[in-house]
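Q: show me how the following folds:
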Amino acid sequence: MNRFVRNFACLLFVVSPMMLPGTAHAQMPGQIDVERPSDREFVRDTANMISGADEQKIKQLADQLLTDKVAPIIVVTVKSMAQHGGPGLRIETFARLLFDQWGIGPAKLGETQWNYGILLLVSPDISQIDRVPTAHAVS
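A: Residues are numbered from 1 along each chain as shown. This next block holds a predicted model:
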């Protein structure tokens, strides 16, 4: 997976965004134009950054995480946010919109508050990482 890791211009984990301190819970306007992967697909590589072998490894690891921890992780690559309905958006906003639009991770597991879910967003269009937020449920 080294080639894939070397190509990361930006990584952003969005983990249970409703649990992040200081984030607004109001619905943000707009739709992100990226098709959600089907169940247990885990990867949407619109920027063609991930090799076939790396994609299979990601799917294998994500499937195991979902099976063992009921924590879905979806990896998304985009060439630019503007190409997918996010011109002028900060990467956190773009990722939050996509996370919410796709409904990644269950809010509850049975009667237990759960809110586990991870979106890994990668784009060569972004020159730096603004921040990598984490949620209490993951720490």
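Q: in which helix or strand would I find the nearest residue to F42 once chain neighbours are set aside?
A: Nearest residue to F42, sequence neighbours excluded (C-beta to C-beta, 6 or more residues apart in numbering): A62, at 3.9 Å. (Each C-beta comes from the backbone N, C-alpha and C, glycine too.) Here A62, judged by DSSP states H and E, is contained in helix 52-69.
Q: ok, now T93?
A: Judged by DSSP H and E, T93 forms part of helix 91-102.
Q: I'd like the average pLDDT over that helix.
A: Mean pLDDT, helix 91-102: 88.
Q: for that helix, buried residues please.
A: I91, E92, F94, A95, R96, L97, L98, F99, D100, W102 (16 or more other C-beta atoms under 10 Å).
Q: now the element after the helix holding A62, going C-ward?
A: strand 73-77.
Q: list the contacts of that next one.
A: 34, 36-37, 42-50, 58, 62, 65-66, 98, 102, 104, 117-123 (C-beta atoms under 8 Å, 6 or more residues apart in numbering).
Q: which ones among those are found in strands?
A: V43, R44, D45, I118, L119, L120, L121, V122 (DSSP state E).
Q: tell me the contacts of L65?
A: Contact analysis of L65 by C-beta under 8 Å, 6+ apart lists A71, P72, I73.
Q: quick one, which of those residues are buried?
A: Judged by 16+ other C-beta under 10 Å, buried ones among the contacts of L65: A71, P72, I73.
Q: thought the second one was touching G117?
A: Just to be clear, that refers to P72. Yes: P72 lies in contact with G117 (C-beta atoms under 8 Å); the separation is 5.4 Å.
Q: list the residues that contact both of the two?
A: The contact lists of P72 and G117 share I104, G105, where a contact means C-beta under 8 Å, 6+ apart.
Q: neighbour-wise, give me the winner out of the ones in strands among the contacts of strand 73-77.
A: In terms of neighbour count, L121 stands highest of the ones in strands among the contacts of strand 73-77 at 24 neighbours, by other C-beta atoms under 10 Å.
Q: what comes up buried for stretch 73-89?
A: Within stretch 73-89, the residues that count as buried by 16+ other C-beta under 10 Å are I73, I74, V75, V76, T77, V78, M81, H84, G86, L89.
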